[in-house]
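Engineer: give me the fold of what follows.
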Amino acid sequence: MRSRLVGVVLIVVLGGLAGCGSGGRGAAGTPSADGTVSPGATGRIAVSSPAFADGGTVPGRYTCGGADVSPPLSFSGVPARTAGLILLVEDRDAPGGTFTHWLVWNMDPRTRSLPTGATPPGAAQGRNDFSKTGYSGPCPPPGRPHRYVITVYAADRRLDLKPNATAADVRRALSGHTLASGTLTARYGR
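Structural biologist: Next up is the predicted model:
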């Protein structure tokens with residue numbers, strides 16, 4: 001009985017490993033629990049901010065209760081053949097599901113940092129879920145803190161999207177074209 005269980009576990013593990021290779025290209029995205037398409041990636045981008053640590057708290061300056069400016073960000077580990085960088089800032093705990101605070105695509109692939117309040121030069125910005133173009137900071141309803149996830153993607157092509165593109169549009173365009181990705185998560189509550 002025990003040897004049969006070990007055999008089943010080995011088959012499952014080896015089958016999972018066999019599906020991991022993608023020849024250096026991002027894998028096609030798969031729908032997540034909230035229905036969004038999450039593009040696959042083979043590489044890892046390190047995303048950080050001098051304003052807060054991963055798992056830390058977003059300072060008030062970067063929220064709707066403060067100056068409502070984007071936080072300073074840094075990224076490393078961007079693959080050499082990246083054609084453009086994509087940035088998404090999302091509230092994963094919003095009452096109606098994931099809420100987009102900022103979406104930017106076609107950032108210069110040589111970009112390694114963004115200062116406070118910066119709009120990436122030459123990049124396109126989409127409409128966030130406040131119906132504004134550009135950054136709108138965390139602004140959760142009073143109660144428990146929400147998780148804010150900053151995701152940076154490296155794409156193997158520039159994205160051809162309309163100015164009013166949504167996060168779902170960005171994810172669809174990235175599907176199968178993601179070389180690497182990374183996240184920085186912080187919390188904020190009122």
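
Engineer: could you verify that Ala173 is part of a helix?
Structural biologist: Yes: counting by DSSP: H, G, I helix; E, B strand; the rest coil, Ala173 is found in a helix.

Engineer: what's the separation between the closest residue to it other than its chain neighbours and Leu88?
Structural biologist: Ranked by C-beta to C-beta, 6 or more residues apart in numbering and with sequence neighbours excluded, the top spatial neighbour of Ala173 is Leu159, at 4.5 Å. Glycine gets a C-beta too; all of them are placed from N, C-alpha and C. Using C-beta to C-beta, to the nearest Å, one obtains 12 Å as the distance from Leu159 to Leu88.

Engineer: which residues do these two both contact?
Structural biologist: Val170 (C-beta atoms under 8 Å, 6 or more residues apart in numbering).

Engineer: of these two, who's got more company?
Structural biologist: Set side by side, Leu159 and Leu88 show unequal neighbour counts under other C-beta atoms under 10 Å, the larger going to Leu88 at 24 against 19.

Engineer: isn't that one up against Trp102?
Structural biologist: Yes: with contact defined as C-beta atoms under 8 Å, Leu88 counts as touching Trp102 (7.1 Å).

Engineer: sorry, back to before: which phi and psi does the residue nearest to Ala173 have?
Structural biologist: When read as degrees, to the nearest 10, the backbone of Leu159 gives phi -90, psi 130.

Engineer: all helices for the chain, in order.
Structural biologist: Under the criterion DSSP state H, helices of the chain are mapped to 2-18, 167-174.
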